[in-house]
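>>> just need the structure, nothing else, for what follows:
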Amino acid sequence: MTSPSQAGLFRNTFIRSILLSGVFLQIGIWVRNFAILLFVMEQTNNDPFAVSLISVAEFAPIFLFSFVGGTFADRWRPKRTMVWCDVLSALSVFVVLLTLLAGTWKAVFFATLVSAILSQFSQPSAMKLFKQHVPEEQLQSGMAMFQTLMAIFMIIGPILGTFVYQSFGIHTAIGVMGVAFLLSAGVLTFLPADDKEAKDKTDSSFWQELIDGFRYVWARPMLRSLGAVFAIAGLAVGLMQPLVVFIVMERLGLPKEYVQWLMMVNGAAMLIGGGLVVGISKKVSPQKLLALGMLASAVSVCGIGLSTNLWLTLAFEFVSGLFFPCIHIGVNTMILQASEEAYVGRVNGVLNPLFMGMMVLAISTAGWLKAALSLVTVFEAAGLLFLLGMFVLIPLFKMKPTAAEQT
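Just a heads-up that it's a prediction; the model follows:
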């Protein structure tokens, strides 16, 4: 079907379609992220609690619906599921636009809420299709391609989102989101057709399949350890994610718009790091890649929290971005290699809530912790959590993740 080279992988119809769909989704996501962030900060006079609520609106539904979405991804036809999720996301965005035109600014939270829910049905379906259409020996290269796409938008996304909002306002930004989701849905129609024999499952119990997913993860040491790492990383990311803008304003003494430059440097480093990971992926196990990424995150997050110099902060952002592909590629490769195709959706549905649940918990308390302790203390705590996640993985360094793995 494909050659071992990346060029051969790119000739895969699935890879081409899913990457182009990803381009449109990233446009919508980045415009959403920055337009809503800047809009809410202007409406609330930079209230840290309001900023935290944006993240809660985005990630709480992910925790609540990931179990359900992962199970349904294993029951429904994956291509059709992804197309309808993007269409419904677009429709919800246009409803929000109408509400904004009527004068209710808090409706912006609804756009994030709905797209977050639908992503929990779409994302595991994409992983399932990836397992179907990409040979196992090319999984790491395929993950690197997605990582490169993310890195590119880490560079241009903040500029795009800030430009659209500051130049045209929140109404145009919301409209751009809706169009982007519709274009993504259109591209997904070019994915290889769902297997004609793979009909939506209605002959088995949903709840039984949900329980089977938990048993499947618990029976595999690799997946159990990933669950612990997901929970620890979720706490770390949740502590710092809503407070990055305050690093710019309070630690660096710069306008909030400067956050885009931090993210651009991070994205440029991710682009470089993705290429480096492709070069070493055949020599380094995915669990070692993940541990290396966690260690680098620990160092860089602590440095960002302590720094009061823009250039030093940018240097730590570069280190963070350079090693982030190790985390992304390591995690996804381990999940796909350690999971049978029939369980890919449910494995995602079990592991993602561990990350998101802890992340939402940390996000919900991040503003309060910042006020009660300090911004520096919160970032140092996040760095120590990343370090703990690295130590959890050490016993697995010599273990090969395979779908047949048993306790």
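
>>> quick check: which element contains Leu160?
Under the criterion DSSP states H and E, the helix or strand holding Leu160 is helix 139-168.

>>> nope, Ala366 is what I was after
According to DSSP H and E, Ala366 maps onto helix 344-372.

>>> and Val284, its phi and psi?
phi -120, psi 130 (degrees, to the nearest 10).

>>> for Gly330, see how far away it is.
For Val284, the distance to Gly330 equals 9 Å [C-beta to C-beta, to the nearest Å]. Using the backbone N, CA and C atoms, a C-beta is placed for each residue, glycine as well.

>>> neighbour count winner among the two?
The neighbour comparison of Val284 against Gly330 (other C-beta atoms under 10 Å) goes to Gly330, with 28 against 14.

>>> quick one: pLDDT of the more buried one?
Per-residue confidence at Gly330 stands at 79 (pLDDT).

>>> residue contacts, it?
Residues in contact with Gly330 (C-beta atoms under 8 Å, 6 or more residues apart in numbering) are Pro286, Gln287, Lys288, Leu289, Leu290, Gly293.

>>> including distance to Ile29 and pLDDT, could these go into TSV?
What follows is the contacts of Gly330, written out as TSV (distance: C-beta to C-beta, whole Å; pLDDT from 0 to 100):
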residue	distance to Ile29	pLDDT
Pro286	26	77
Gln287	29	78
Lys288	30	80
Leu289	25	82
Leu290	24	84
Gly293	22	87
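
>>> elements contacting whichever strand or helix holds Phe246?
Phe246 belongs to helix 244-246 when elements are defined using DSSP H and E. Contact analysis of helix 244-246 by 3 or more C-beta pairs under 8 Å, 6 or more residues apart in numbering; DSSP states H and E lists helix 259-280 as its packing neighbours.

>>> find the residue at the geometric middle of this structure.
Nearest to the geometric centre of the chain sits His328, at 8.8 Å (C-alpha atoms, centre = their mean).

>>> pretty sure that residue sits against Leu149.
No: in terms of C-beta atoms under 8 Å, His328 does not count as a neighbour of Leu149; the distance is 11.1 Å.

>>> what is the neighbour count of Ile394?
If we define neighbours as other C-beta under 10 Å, then Ile394 has 11 of them.

>>> for the protein, what's the longest helix?
When the chain is scanned for its longest helix (criterion: DSSP state H), the result is helix 13-44.

>>> how distant is it from the center of its chain?
Distance of helix 13-44 from the chain centroid (C-alpha atoms, centre = their mean, to the nearest Å) equals 12 Å.

>>> ok, Phe146 touching Ser21?
No: counting by C-beta under 8 Å, Ser21 is not a contact partner of Phe146; they are 11.2 Å apart.

>>> neighbour count for these two, which is higher?
Of the pair Phe146 and Ser21, Ser21 is the one with more neighbours under other C-beta under 10 Å, namely 24 against 20.

>>> let me know whether Leu183 touches Gly22 as I believe.
No: here Leu183 does not reach Gly22: they are 11.4 Å apart, not a contact under C-beta under 8 Å.

>>> any idea what sits nearest Thr81, other than its immediate chain neighbours?
Among residues not flanking Thr81 along the chain, Ser125 sits closest, at 4.5 Å (C-beta to C-beta, 6 or more residues apart in numbering).

>>> and the strand or helix carrying that neighbour, which residues are buried?
For Ser125, the element it lies in under DSSP H and E is helix 108-133. Within helix 108-133, the residues scored as buried using 16 or more other C-beta atoms under 10 Å are 108-131, 133.

>>> what's it packed up against?
Other helices and strands packing on helix 108-133, by 3+ C-beta pairs under 8 Å, 6+ apart, are helix 13-44, helix 48-75, helix 78-101, helix 170-188, helix 310-338, helix 344-372.

>>> worst average pLDDT in these?
Looking at the helices and strands packed on helix 108-133, the lowest mean pLDDT belongs to helix 48-75 (a mean of 70).

>>> so Ala231 touches Leu354, yeah?
Yes: in this structure, Ala231 is within contact of Leu354 by C-beta under 8 Å, at 4.5 Å.

>>> residues in contact with Arg32?
The neighbourhood of Arg32, defined by C-beta under 8 Å, 6+ apart, consists of Ala111, Thr112, Ser115, Gly161, Ala173, Met177.

>>> the same query, at a cut-off of 7 Å, please.
Applying C-beta atoms under 7 Å, 6 or more residues apart in numbering to Arg32 gives the contacts Ala111, Thr112, Met177.

>>> likewise for Ile327?
Ile327 is in contact with Leu290, Gly293, Met294, counting by C-beta under 7 Å, 6+ apart.

>>> what about these, which are in helices?
Under the assignment DSSP H, these contribute Leu290, Gly293, Met294 to helices.

>>> okay, those residues in TSV with neighbour count and distance to Val392 next?
Listed next are these as TSV, based on neighbours: other C-beta atoms under 10 Å; distance: C-beta to C-beta, whole Å:
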residue	neighbour count	distance to Val392
Leu290	27	10
Gly293	27	13
Met294	26	9
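
>>> now tabulate those residues in JSON lines and tack on distance to Arg77.
Output for the ones in helices among the contacts of Ile327, formatted as JSON lines (distance: C-beta to C-beta, whole Å):
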{"residue": "Leu290", "distance to Arg77": "31"}
{"residue": "Gly293", "distance to Arg77": "34"}
{"residue": "Met294", "distance to Arg77": "36"}
